[in-house]
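**Q** how would this look folded up:
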Amino acid sequence: MSRVTISMPEQLTAYVETQIAAGRYGNVSEYFRDLVRHDQDRRATAARELRDLLARAEASGIGERSKQELIDAAKREARAQGLLGDA
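**A** Numbers count the residues shown, from 1 in each chain. This is a model prediction of the structure:
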């Protein structure tokens, strides 16, 4: 097993120590291993969802809308979801 040394602000250190004191983790190493595992799972899920989305898009065939119509529709949807400002 390898060793990794990190530096964190006191506020984050206090949070980690609170998680350990609450009994959620046995020590700092367990906490960070859990964080890494969750990050790996999240990224694997995102990659799987993207592959599924791309496969569905490819299977749907060629659409009728122009490139500009697609861009405009994507911008409208992004604005509606609060992902894009009014710029």
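**Q** Contacts made by the lowest-mean-pLDDT helix or strand in the chain with the rest, please.
**A** For the chain, counting by mean pLDDT, DSSP states H and E, helix 67-80 ranks last in confidence among helices and strands (a mean of 94). Contacts to helix 67-80, defined as C-beta atoms under 8 Å, 6 or more residues apart in numbering, come from residues 63, 65, 84, 85, 86. Bear in mind the C-beta positions are built from the backbone N, C-alpha and C, glycine included.
**Q** Show me which residues of that helix are buried.
**A** Using 16 or more other C-beta atoms under 10 Å as the test for burial, helix 67-80 gives no buried residues.
**Q** now, which of the contacts of helix 67-80 sits nearest residue 11?
**A** Distance to residue 11, by C-beta to C-beta, is smallest for residue 85 among the contacts of helix 67-80, at 29.9 Å.
**Q** Hmm, residue 19 is touching residue 28, no?
**A** No - using C-beta atoms under 8 Å, residue 19 makes no contact with residue 28, being 9.4 Å away.
**Q** so where is the protein shaky, pLDDT-wise?
**A** Segments of the chain classed as low confidence (criterion: pLDDT under 70) are 86-87.
**Q** mind listing the helices in it by residue range?
**A** Taking DSSP state H as the criterion, the chain carries its helices at 10-21, 28-59, 67-80.
**Q** among those, which is nearest residue 3?
**A** So among the helices of the chain, helix 28-59 is nearest, using C-beta to C-beta, at 9.4 Å.
**Q** Now that closest one: buried residues?
**A** Buried residues in helix 28-59 (16+ other C-beta under 10 Å): residue 31.
**Q** tell me the phi and psi of the residue lying farthest from the centre of the chain?
**A** The centre of the chain is farthest from one residue, residue 64, which by C-alpha atoms, centre = their mean lies 32.3 Å away. Main-chain torsions, residue 64, degrees, to the nearest 10: phi -100, psi -20.
**Q** do the same with residue 25
**A** phi -140, psi 150.
**Q** That's all I had, so thanks and see you.
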